[in-house]
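Participant: only geometry, no sequence info:
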């Protein structure tokens, strides 16, 4: 089952802002990591790495484990293939494109069919994208106050950073005026979130 309890507590347990939201910024106020006693064993470190990544993507145990099994069947390096599969989820792409504040909000937007993929409605957060796919905000939502606020932020960002990109990652490009996202390439190892210890996750599932 997916965790539905206090998210701030999860961030403190893992020692990192799992949800990329100021609300869970551990550097603010008294939101410090929870104290741990003793040194974690290898198994403990593997478990923590798996838990951290699973929570960052907002997945259940079963869902997360299934991505490892899919990665095993691919010819590349298992850990990198697993990360690519996770990164190419539709909800994650919406989040990394800054069309949602958090991964949870991105999943909600997708569930409510806010986006088209290559012109077709998709309401499955786990939908796997490919290079060349184009995600577009549905026309009826472009004038909504929520997405107008995103557009205003994009325009302000680009005024201050003429050569900057709205997307949080280089393998995605965002057309802020049209509210479209294009998958330009597969995410590479150096573009994965460095807070995720992929090798430990592979070790955990390889026992």
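Facilitator: Sure thing, it's come through. Treat the numbers as computed from the prediction; the structure is a model and nothing was measured.
Participant: So which elements touch whatever helix or strand residue 108 lives in?
Facilitator: Element membership of residue 108, judged by DSSP states H and E, is helix 103-111. If you count contacts as 3 or more Cβ pairs under 8 Å, 6 or more residues apart in numbering; DSSP states H and E, helix 103-111 packs onto helix 90-96. Where C-beta positions appear, they are placed from N, C-alpha and C, glycine not excepted.
Participant: From residue 192, how far out is the most centrally placed residue in the chain?
Facilitator: Closest to where the C-alpha atoms of the chain average out (Cα atoms, centre = their mean) is residue 92, at 3.8 Å. When distances are taken as Cβ to Cβ, to the nearest Å, residue 92 and residue 192 turn out to be 12 Å apart.
Participant: which residues in this structure form strands?
Facilitator: For the chain, the strands defined by DSSP state E occupy 115-117, 120-121, 134-137, 172-175, 180-183.
Participant: For the first one, name the packing helices and strands.
Facilitator: The elements that strand 115-117 packs onto, with contact taken as 3+ Cβ pairs under 8 Å, 6+ apart, are helix 90-96, strand 134-137.
Participant: Just name the most buried of the ones you listed.
Facilitator: Each of those was scored by mean neighbour count; the highest is helix 90-96, a mean of 25, by mean count of other Cβ atoms under 10 Å.
Participant: what does that one rub up against?
Facilitator: Contacts to helix 90-96, defined as Cβ atoms under 8 Å, 6 or more residues apart in numbering, come from residues 20, 57-58, 86-87, 100, 102-103, 105-107, 109-110, 115, 117, 122, 124-129, 135, 167-169, 172, 181, 183.
Participant: Report the contact partners of the closest residue to residue 54 other than its chain neighbours.
Facilitator: The shortest distance from residue 54 to any residue that is not its chain neighbour, by Cβ to Cβ, 6 or more residues apart in numbering, is 4.3 Å, and that residue is residue 64. The neighbourhood of residue 64, defined by Cβ under 8 Å, 6+ apart, consists of 50, 53-54, 57.
Participant: now residue 200
Facilitator: 45-46, 48-50.
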